[in-house]
Structure formats: structure tokens, C-alpha cells
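Engineer: give me the fold of what follows.
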Amino acid sequence: MDINEQAPSLCLLKAMGISWCPGCGLGHAISALLHGDWKAALHHHILGPFVLSALIYRILQLSWQQFAGIKRGTYE
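Structural biologist: Residues are numbered from 1 along each chain as shown. Got it, this is the predicted structure:
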């Protein structure tokens, strides 16, 4: 999906007529960040860098727990 293309929104709040949604644009912001386009990411959603940081932290945290479980032999 091209982040620069205007497509219909799947947001339930926008479908109900509410113009502001706290989550709209986060996916595009994360995509722009992963492509190195900080300006576009901040344009799509100001909290994009923080959300991406939290996602990366959580992925690392869960990976570490899985690795430690495998090493101890208590893999779940």
C-alpha cells in the first residue's frame, strides 16, 4: 500500500462521522519511519516514533524471554 495514495479509510470512528481519531495515521507513520522518511512520519502522526520505539522494545523483550527460556530448557 502506497502511503502517499489517498484510499478509503477503514477507521470506525471516521465511519461514524467523528473527524478525529487517535490512531489514524500511525500505520503510515511507522511505514515512513521504517523507510527513513522522518518528515513524512511526523506529518502522518506525531506519536509515530514513540509507538515504533515501544514496538521495537516489546519485540526485543519478548525475544529475550523466549531465548532465556530456551537456554534454561523451559521453553513455552
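Engineer: what about the closest residue to Gly23 other than its chain neighbours, distance to His43?
Structural biologist: Computed as Cβ to Cβ, 6 or more residues apart in numbering, the closest residue to Gly23 that is not its neighbour in sequence is Cys11, at 7.5 Å. C-betas here are computed from N, CA, C, even on glycine. Relative to His43, Cys11 is positioned 18 Å away (Cβ to Cβ, to the nearest Å).
Engineer: likewise Leu34?
Structural biologist: Applying Cβ to Cβ, the value for Leu34 to His43 is 15 Å.
Engineer: just Cys24 next, same as before
Structural biologist: For Cys24, the distance to His43 equals 13 Å [Cβ to Cβ].
Engineer: same for the lengthiest helix in the chain, what does it pack against?
Structural biologist: What stands out as the longest helix in the chain, according to DSSP state H, is helix 48-72. Contacts defined by 3 or more Cβ pairs under 8 Å, 6 or more residues apart in numbering; DSSP states H and E place helix 48-72 against helix 26-34, helix 38-44.
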